[in-house]
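1. This is a predicted model, with the sequence first.
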There are 2 protein chains.
Amino acid sequence: MLGIELDRTGGLSLRRQIYQVMKQAMIQGRLAAGEALPSTRELAHALGVSRNTVCEAYDMLIAEGYAESRQGAPTRVVAGLLLDAAERVQESPQTPKRVWKTDFRTGQPELRLFPWPAFVQTLHRCADGLPLSQLGYAGAQGLPELRGEISAWLYRMRGIGAEPKDIFITAGATHALHIAAELLTVFGHHMLVEDPCHSGILQTFLQKGYNVYPVPVDSQGIMTDAPDEHAGAPVYVTPSHQFPLGGILPASRRAALIRYARAHNTYIIEDDYDSEFRYVGEPVAPMVAMDAGRVIYVGTFSKVLYPALRIGYAIVPRPLQDKWKRLRTHIDVQNPSIEQASLAEFMRSRKLDRHVFAMRKAYGRRRQALLNGLTDAFGNSWQPWGDAAGLHLAAAFDGMRFDAAFLEEAKRQGIRIALVDSHCIVKGRHTDKLLLGYGHLTPEEIQSGVERLKALVDAWRVK
Amino acid sequence: MLGIELDRTGGLSLRRQIYQVMKQAMIQGRLAAGEALPSTRELAHALGVSRNTVCEAYDMLIAEGYAESRQGAPTRVVAGLLLDAAERVQESPQTPKRVWKTDFRTGQPELRLFPWPAFVQTLHRCADGLPLSQLGYAGAQGLPELRGEISAWLYRMRGIGAEPKDIFITAGATHALHIAAELLTVFGHHMLVEDPCHSGILQTFLQKGYNVYPVPVDSQGIMTDAPDEHAGAPVYVTPSHQFPLGGILPASRRAALIRYARAHNTYIIEDDYDSEFRYVGEPVAPMVAMDAGRVIYVGTFSKVLYPALRIGYAIVPRPLQDKWKRLRTHIDVQNPSIEQASLAEFMRSRKLDRHVFAMRKAYGRRRQALLNGLTDAFGNSWQPWGDAAGLHLAAAFDGMRFDAAFLEEAKRQGIRIALVDSHCIVKGRHTDKLLLGYGHLTPEEIQSGVERLKALVDAWRVK
């Protein structure tokens, strides 16, 4: 304990050895200011010495001003002892963050409107009543109650008829894609992906040694008229709201993908990352509702609740389920239990439905504020891409060519924004487009952001 | 919503279409008994119809006895409607578990002695005060406060001087090993492992396409006198308490491993899965304390707290840290925030120290009960392996040869127990040994278990 190794050959008294090691640790900062020392009983037991010996060592430390003791409280290290352990000094809680005047990054839900007190209330109740069995190893597939609620939710919200036994809880969508990618390596490390495609997700596939083959995307989503050059490779798609271009894939292309998967006995990964937020028109049925035998459907609560919840899910075709369970066990065993139980209860009591309903209205207003702002600023020289859904907008600006130098200038001016080209595998097709995340910004923040963007783009255009 | 797609060409009234789809869903169980229907406001908005239309459809459902409504509560599906959806009927919360008379499985902490009320109190306080920034994406390395507490804890308990910036939070030890295995693929998918080695961890390496090379283990741990046949391959070891044989690796062998890693510019993975529980003697300093530049040290709170917490950590050598962060981001982004904040506070207030201290005494008594029981039952015909640490014991029985048929017979008699041979890569070296997990069993449960085992072994010996 405390790295104390006692020399019992009789040179120095045991109490002095303890005193010296601890004093040294305090000076070097390994025992930090304010830290409580172990109780004399614990330390005596750990070192195999009498409690008296430890008490005497502590008394010496207190007498010399290294530690202090108050009635009924543990003995603590005093402040101001550090001599040569600069590195050990309290780390700053976060590496200093750049302060953005406008932050248009994508994929950020509005946490300021999250009903944290209501969620915490649910959390408290669930934690208080958590059965002992849920503290132990409770299975890789996830809490049955939560799978049941997700099954009902998917039916209510999306018209998907998935049974709880086909739903696998994950630690978010990225995690689900990571498992799916491991699972599908049997198809020989080939993957067809949309181009453009979220650069982080591309990394998840590349990291696993996949050869990714880009398939072009138009305003409606992935184009399915190309010859099957890499026939048999699984396909990664975002049909409900293409990332980043925003298209909703037409039914005919969905059917073409399903036919492809059937013909080649392969699978489609359907990433439905933010389709809870759709502002106009009828929802289109997800591909998994067309053929659950050919589609791994991935959903997440990071956007509808909060990212640090780390709960997502996949609907997994039955022939893949055993292997999915095994993989999950060997990757990270299971999700923590508290969040699973709390989310299940939050869904059962319909608090999640109410939250999504409220956020859909709020996000819809923000989207409209962005559209209006851009039209006020840029008139007819810009066009929105994609459909009215999600938390971000792809916008094309006539005659512009955005590149790394533009990003650098934006950064200098305190504007965080992304290029569609950054998510492109084949570069150069979408250099006239910017990505604007608006979910986490108020209409006022959006308005001032658009004004800053206008000045930046105008200045860039002149160059 | 609810998979309702309205036909607006004028055949059937909208309210009747809504009524029919919902009625069908209730009969087929997609809307389950007791489930609340969406509010009329929500559904009207989602379908783009007047609220009146939805109210009328609900009234029809209520009138016909499909749903019921009480003042101030949501309209709910009545019970007893199911006709042809047997599969959708409430899944049993767990697949029916075999009831064991004695369960000697390994790696199970005693959850009945876990101070859940104290932990929940901490959890409540932390959840109430969680800053908004911790609900969003908060970084792959983990909460700085928690890393600070782990740094102090490692120094207090193990004499390890790791700085918070070198500590990476993970979702448990398996997850840390999964990341380490991905990280070390640059060494060409070769790994030296102890033989025997935990079969689940072996799977984590094999799953990633590793060639694993077994290195024999004796009563002290991994043997380091073999020629370097696979020089350069990373080494996976459990030096603090070899799994499963229980040895504590002598300092000279530790130094030999460090020399090997230095000579070949490779890394040691030090898995310290249960060394908090050590019952006699001075603790040996972990290998990471000998050379933090060559050792990836993996620890977990699954055993000292509870498995479903899913928090572990790794001390990562600096040249590997950037890649570790990138990998974690692409695997599952980060840990949930609530558990991290709660554990940090549980450690800061020294509740964890008190719990470990109490459990060490309880587990020590249980270990002694097992040793006494086995000696009472088997006299001199058995020997314990390994040191007085951890939550399990490897025991050798003279003249016995335990195999799959023995396990089958044990199972038939309600005894869950494991063979050391099941964890062996090269089979046949340890067929006289059984593994007995005792941490989760009371002395009385241990005693009756040993009596059952005695009868089983004696009967098996005669055959």
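-> Now that the structure is in, tell me what you want to look at.
2. In a helix, residue A:53, correct?
-> Yes: assigned with DSSP: H, G, I helix; E, B strand; the rest coil, residue A:53 falls within a helix.
3. wouldn't it be in contact with residue A:18 here?
-> Yes: at 7.1 Å, residue A:53 counts as touching residue A:18 under the criterion of CB atoms under 8 Å. All C-beta atoms are positioned from the backbone trio N, CA, C, and that covers glycine.
4. neighbour-wise, which of these two wins?
-> Shown here are residue A:53 and residue A:18; by other CB atoms under 10 Å in any protein chain shown, residue A:18 has more neighbours (25 against 20).
5. roughly how far apart are the more buried one and residue A:324?
-> Applying CB to CB, to the nearest Å, the value for residue A:18 to residue A:324 is 53 Å.
6. May I have the residues that are in contact with residue A:109?
-> By CB atoms under 8 Å, 6 or more residues apart in numbering or on different chains, the contact set of residue A:109 is A:302, A:303, A:304, A:305, A:306, A:307, A:359, A:391, A:439, A:440.
7. Go back to those and keep what's next to chain B.
-> Among the contacts of residue A:109, the ones lying close to chain B by the criterion of CB under 8 Å from any CB of the partner chain are A:306, A:307.
8. and which of the contacts of residue A:109 is nearest to residue B:239?
-> residue A:307 (37.5 Å; CB to CB).
9. And the closest one, its phi and psi?
-> Backbone torsions of residue A:307, given as degrees, to the nearest 10, read phi -60, psi -40.
10. Including distance to residue A:193 and secondary structure, could the contacts of residue A:109 go into TSV?
-> Shown next, in TSV, are the contacts of residue A:109 (distance: CB to CB, whole Å; DSSP: H, G, I helix; E, B strand; the rest coil):
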residue	distance to residue A:193	secondary structure
A:302	21	coil
A:303	21	coil
A:304	25	coil
A:305	27	coil
A:306	28	coil
A:307	23	helix
A:359	29	helix
A:391	21	coil
A:439	24	coil
A:440	27	coil
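11. Just the buried residues from the contacts of residue A:109, in PyMOL please.
-> Remark: buried members of the contacts of residue A:109, expressed as a PyMOL selection using 16 or more other CB atoms under 10 Å in any protein chain shown:
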select buried, chain A and resi 302+303+304+305+306+307+359+391+439+440
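12. List just the nearest of the contacts of residue A:109 to chain B.
-> residue A:306 (3.9 Å; CB to the nearest CB).
13. What sits closest to that closest one if chain neighbours are left out?
-> Closest residue to residue A:306 apart from its sequence neighbours, by CB to CB, 6 or more residues apart in numbering or on different chains: residue B:135 at 3.9 Å.
14. State the pLDDT value of whichever residue of the stretch 151-300 of chain A sits closest to chain B.
-> In the stretch 151-300 of chain A, the residue that lies nearest chain B is residue A:159 (2.7 Å; CB to the nearest CB). Looking at residue A:159, its pLDDT is 80.
15. One more: residue A:10?
-> As predicted, residue A:10 sits at a pLDDT of 67.
16. Quick one: list the elements packing against the biggest strand by length in chain A.
-> Taking DSSP state E as the assignment, the strand of chain A that covers the most residues is strand A:211-218. With contacts defined as 3 or more CB pairs under 8 Å, 6 or more residues apart in numbering or on different chains; DSSP states H and E, strand A:211-218 has these neighbours: strand A:190-195, helix A:199-207.
17. change it to 10 Å
-> Counting contacts by 3 or more CB pairs under 10 Å, 6 or more residues apart in numbering or on different chains; DSSP states H and E, strand A:211-218 packs against strand A:190-195, helix A:199-207, strand A:235-237.
18. Given the shortest one, what are its sheet partners and their directions?
-> Strands flanking strand A:235-237 in the sheet, each with its direction: strand A:190-195 (parallel), strand A:268-271 (parallel) (DSSP bridges).
19. what's the angle between the helix or strand containing residue A:176 and helix B:173-183?
-> Residue A:176 belongs to helix A:173-183 when assigned by DSSP states H and E. On the basis of axes from the mean of the first three to the mean of the last three CA atoms, to 10 degrees, helix A:173-183 is oriented at 60 degrees to helix B:173-183.
20. Tell me what angle helix A:173-183 forms with helix B:199-207.
-> Using the same axes, to 10 degrees: helix A:173-183 against helix B:199-207 is 70 degrees.
21. just to revisit the earlier point, please enumerate the shared neighbours of residue A:53 and residue A:18.
-> Common contacts of residue A:53 and residue A:18 (CB atoms under 10 Å, 6 or more residues apart in numbering or on different chains): A:6, A:43, A:44, A:47.
22. for chain A, which spans come out with low pLDDT?
-> A:10-11, A:64, A:82-96, A:226-227, A:281-284, A:463 (pLDDT under 70).
23. which residue is nearest the middle of it?
-> For chain A, the residue nearest the mean C-alpha position is residue A:307 (5.0 Å; CA atoms, centre = their mean).
24. who are the neighbours in contact with that one?
-> Residue A:307 touches A:107-109, A:111, A:172, A:300-301, B:134-138, B:333-334, B:336-337, counting by CB under 10 Å, 6+ apart.
25. circling back: could the helices and strands packed on strand A:211-218 go into TSV alongside mean neighbour count?
-> Listed next are these as TSV, based on neighbours: other CB atoms under 10 Å in any protein chain shown:
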stretch	mean neighbour count
strand A:190-195	24
helix A:199-207	18
strand A:235-237	27
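26. Mind putting those into JSON lines with distance to residue A:428?
-> Converted to JSON lines, the helices and strands packed on strand A:211-218 look like this (distance: least, CB to CB, whole Å):
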{"stretch": "strand A:190-195", "distance to residue A:428": "11"}
{"stretch": "helix A:199-207", "distance to residue A:428": "16"}
{"stretch": "strand A:235-237", "distance to residue A:428": "22"}
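27. Which one of these lies nearest to residue A:39?
-> Checked against CB to CB, the stretch from these lying closest is helix A:199-207, at 46.5 Å.
28. Packing partners of that closest one?
-> helix A:173-183, strand A:190-195, strand A:211-218, strand A:235-237, strand A:268-271, helix B:318-331.
29. so which of these gets nearest residue B:417?
-> Nearest to residue B:417 among the helices and strands packed on helix A:199-207 is helix A:173-183 (31.7 Å), distances taken as CB to CB.
30. what helices or strands is that closest one leaning on?
-> Partner elements for helix A:173-183 (3+ CB pairs under 10 Å, 6+ apart): strand A:167-170, helix A:199-207, strand A:235-237, strand A:268-271, strand A:295-300, strand A:312-315, helix A:318-331, helix B:318-331.
31. Out of those, which is closest to residue A:413?
-> With CB to CB as the criterion, residue A:413 lies closest to helix A:199-207 of the helices and strands packed on helix A:173-183, at 23.1 Å.
32. what number of residues lie near residue A:322?
-> Residue A:322, neighbours per other CB under 10 Å, totals 10.
33. typo on my end, it should be residue A:128
-> If you count neighbours by other CB under 10 Å, residue A:128 ends up with 13.
34. Which helix or which strand is home to the closest residue to it other than its chain neighbours?
-> Nearest-residue entry for residue A:128: residue B:120, 6.1 Å, with adjacent residues in sequence omitted and distances by CB to CB, 6+ apart. Secondary structure from DSSP H and E places residue B:120 in helix B:116-128.
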